[in-house]
Structure formats: structure tokens, C-alpha cells
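Peer 1: Pasting a predicted model and its sequence here:
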2 protein chains.
Amino acid sequence: MAKMLKLCRRYLNWIQNSVFEGEISEAKLLEFKHEAMLLMDEETDSLIIFKTRQEKWLDKEVVGHERQNLDTFL
Amino acid sequence: MAKMLKLCRRYLNWIQNSVFEGEISEAKLLEFKHEAMLLMDEETDSLIIFKTRQEKWLDKEVVGHERQNLDTFL
């Protein structure tokens, strides 16, 4: 689990619990998925990826506390 | 926390940990945010909403175990 979170942080920014976001190329995404598959138990664990091609197609809204520093975790 | 998860499940489908997804109208989303604000501590808790207007703009991919039944949680 800790290894998986570290892996996710190498490619993306942590936003909440086990949720990450970021801009990533197709090549980097493939590399990330490959590394994730090596770490996870594919029978029980899952990695769910939501992708959009254009950042403007996705709106993000934070209700409540907005985290200031993305790097205080792990 | 349990109340918040129940509230989320009233409006959306649970996908993983504290992550939910679903199609929701603007009116229902407002109602949901209003109810969430009543339950949460706005100093420390956060609810992060990613929205897209068109479902086709968002691709979802599951790596590893794909949950069969969305309703086995809680």
C-alpha cells in the first residue's frame, strides 16, 4: 500500500486519501500502469483511472477545506 | 464519516474507498453539496468534485480487480 502511494506520487499529485490527479502523457501513463500492476494483487486490488483529453472538459470544485501543500503527505 | 458516506451513496455510486461517481443534475448536485456542508467540518474536511458535462469526455479504465456489485459496501 505504501509502495503504491509512493508510485502514484512519482507520476501524479496526491489530492485525498488514495486519490491522485495530474497531467500525464500516454507513454508515462502506460509506464505507470505497468509499474502499478507489478505492485498490486490483481485479484483484490484495483486502480481506477479517469481520463480526459482536454483539461477544460473537467471542472474541479473543492467544498470545505482546500489543502495548501500537496507535499505534506508521505 | 459514516453519515457522509451514506449521504454520498444517496446521490452517487460508490466506487472505491471515499470515491463516488454518478450522473447528477445541477439541482441535485446543489442539494448534495448543501447536505454535505451540514455534515462536514469545513475547517478540516474536504469534498472534491470533478465534473464533466458530457460522459464521453471522460474515459474510465480499471486496472486489476473490477468490483461486480456496487451495493456490498455499508
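Peer 2: On my side now, so go ahead.
Peer 1: contacting residues for the residue of chain A positioned farthest from its centre?
Peer 2: Here the centre of chain A is the reference, and by Cα atoms, centre = their mean the most remote residue is A:G64, at 21.1 Å. Neighbouring residues of A:G64 by Cβ atoms under 8 Å, 6 or more residues apart in numbering or on different chains: B:M37, B:M40, B:D41, B:E42, B:T44, B:D45, B:S46, B:L47. C-beta: built from backbone N, CA, C; applies to glycine.
Peer 1: one more time with 7 Å, if that's ok
Peer 2: Contacts for A:G64 (Cβ atoms under 7 Å, 6 or more residues apart in numbering or on different chains) come out as B:M40, B:E42, B:D45, B:S46, B:L47.
Peer 1: Distance to B:L12, secondary structure and neighbour count added to those residues, as CSV?
Peer 2: Converted to CSV, the contacts of A:G64 look like this (distance: Cβ to Cβ, whole Å; DSSP: H, G, I helix; E, B strand; the rest coil; neighbours: other Cβ atoms under 10 Å in any protein chain shown):
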residue, distance to B:L12, secondary structure, neighbour count
B:M40, 16, coil, 19
B:E42, 20, coil, 12
B:D45, 17, coil, 16
B:S46, 16, strand, 15
B:L47, 11, strand, 22
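Peer 1: From the residues you listed, pick the one nearest A:Q16.
Peer 2: Nearest to A:Q16 among the contacts of A:G64: B:S46, at 6.6 Å, using Cβ to Cβ.
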